[in-house]
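Asker: Sequence and computational prediction follow.
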Amino acid sequence: MQADTLPYQVFISHASTDTWVARQIAAHIRARGAATFLDEADIQHGDDIEERIYQAAGNSQELLVLLTPWAVTRPYIWMEIGLFWGAGKRIVGVLYGLSQQELITDERIPLLLKRGKMLDINRIDGYFDELQQRVQTPERLP
């Protein structure tokens, strides 16, 4: 399959504690016409976890990272953010159980996340609307 025929895909990064919430977000993303990568659904027993994450990051146009008090301590979250940041891809931070002020003042949080526009989970419908626009009119690389 050629790159321009692949579906628009959103990689959802989350702590295992937040799996139920991540599944709900994934369902809304799929309802807006995008594919999703969600580790608990898309990585099978016996798969090389890091390799699957790397492949999925390459096939995804953007990252939605669910930032919770549990997520900010998880190494895989930071690895996934690094993959997308290094590739110059869109990173959307969704705050759940954290405030923007807590995120800004937490010295463990990299500056690259503090620079981006974060959204509270209670305002996620606006993200879904923006995503639907991107899915319907994707940017094509030359």
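Answerer: Perfect, I can see it now.
Asker: Tell me the helix or strand right after the helix or strand of the chain with the lowest mean pLDDT.
Answerer: Ranked by mean pLDDT, DSSP states H and E, the helix or strand of the chain with the weakest confidence is helix 111-115, at a mean of 65. Next helix or strand after helix 111-115 toward the C-terminus (DSSP states H and E): strand 119-120.
Asker: Pull up the pairing partners for that following strand, direction included.
Answerer: Strand 119-120 has its sheet partners listed here by DSSP bridges as strand 90-95 (parallel).
Asker: After the partner strand, which helix or strand is next?
Answerer: Following strand 90-95 in sequence order, the next helix or strand is helix 100-105 (DSSP H and E).
Asker: name the helices or strands packed onto that next one?
Answerer: Helix 100-105 is packed against helix 111-115, with contacts defined by 3 or more C-beta pairs under 8 Å, 6 or more residues apart in numbering; DSSP states H and E. The way it works is simple: take the backbone N, C-alpha and C, and place the C-beta from them, glycine included.
Asker: swap the cut-off to 10 Å and go again
Answerer: Counting contacts by 3 or more C-beta pairs under 10 Å, 6 or more residues apart in numbering; DSSP states H and E, helix 100-105 packs against strand 90-95, helix 111-115.
Asker: buried ones in that helix?
Answerer: Residues Leu103 are the ones in helix 100-105 that count as buried (16 or more other C-beta atoms under 10 Å).
Asker: Repeat that for stretch 26-39.
Answerer: Residues of stretch 26-39 classed as buried: 26, 29, 32, 34-39 (neighbour count, 16+ other C-beta under 10 Å).
Asker: Send me the helix or strand containing Ala41 as PDB with only the CA atoms.
Answerer: Using DSSP H and E, Ala41 sits in helix 39-42. C-alpha atoms of helix 39-42 as PDB (Å, rounded to 0.1, in the frame of the first residue of the first chain):
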ATOM      1  CA  ASP A  39      -1.000  -0.600  22.400                       C
ATOM      2  CA  GLU A  40      -3.500  -2.800  24.200                       C
ATOM      3  CA  ALA A  41      -5.400  -3.500  21.000                       C
ATOM      4  CA  ASP A  42      -2.600  -3.500  18.500                       C
END
